[in-house]
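K.L.:
predicted model and sequence below, questions to follow.
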Amino acid sequence: CCACNGEDGWEAIHRDPPDLLVTDYQMPKLNGLELIERLRQRPETSRLPVIVLSAKGFELSSQDLTARWGVLAVLDKPFSPKELLRLVETGIAETAALAT
């Protein structure tokens, strides 16, 4: 699923829960961190793997986001599509391993 803003993303997640979320940090209506905060407050999405894309790499600490919000990774723009694919595959594999 794809959404144009954080609020639409929030609604889409509840209609059809994904295995992993790739979100931008800067979005209208609800930014990426606000979206993650909402996800973490609900039991059904509290452990959803999240990858954050950002043009604000110097402003975001990957370590802080991982520690506070359980973010799988932060990729600075421009990012490598191969690196994003690797992180998505890793995140889904880890989630599947935890479920078994």
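P.N.:
Arrived safely, thanks for sending.

K.L.:
which residues are contacting the helix or strand of the chain with the lowest mean pLDDT?
P.N.:
Using mean pLDDT, DSSP states H and E, the weakest-scoring helix or strand in the chain turns out to be helix 62-69, at a mean of 83. Contacts to helix 62-69, defined as Cβ atoms under 8 Å, 6 or more residues apart in numbering, come from residues Leu33, Ile36, Glu37, Arg40, Val50, Val52, Val71, Leu72, Ala73, Val74. C-betas here are computed from N, CA, C, even on glycine.

K.L.:
helix, strand or coil for the fourth one?
P.N.:
The three-state label given to Arg40 by DSSP: H, G, I helix; E, B strand; the rest coil is helix.

K.L.:
not counting residues beside it along the chain, what's closest to it?
P.N.:
Distance criterion Cβ to Cβ, 6 or more residues apart in numbering; nearest residue to Arg40, sequence neighbours excluded, is Ser46 at 5.4 Å.

K.L.:
now that neighbour: phi and psi?
P.N.:
phi -60, psi -20 (degrees, to the nearest 10).
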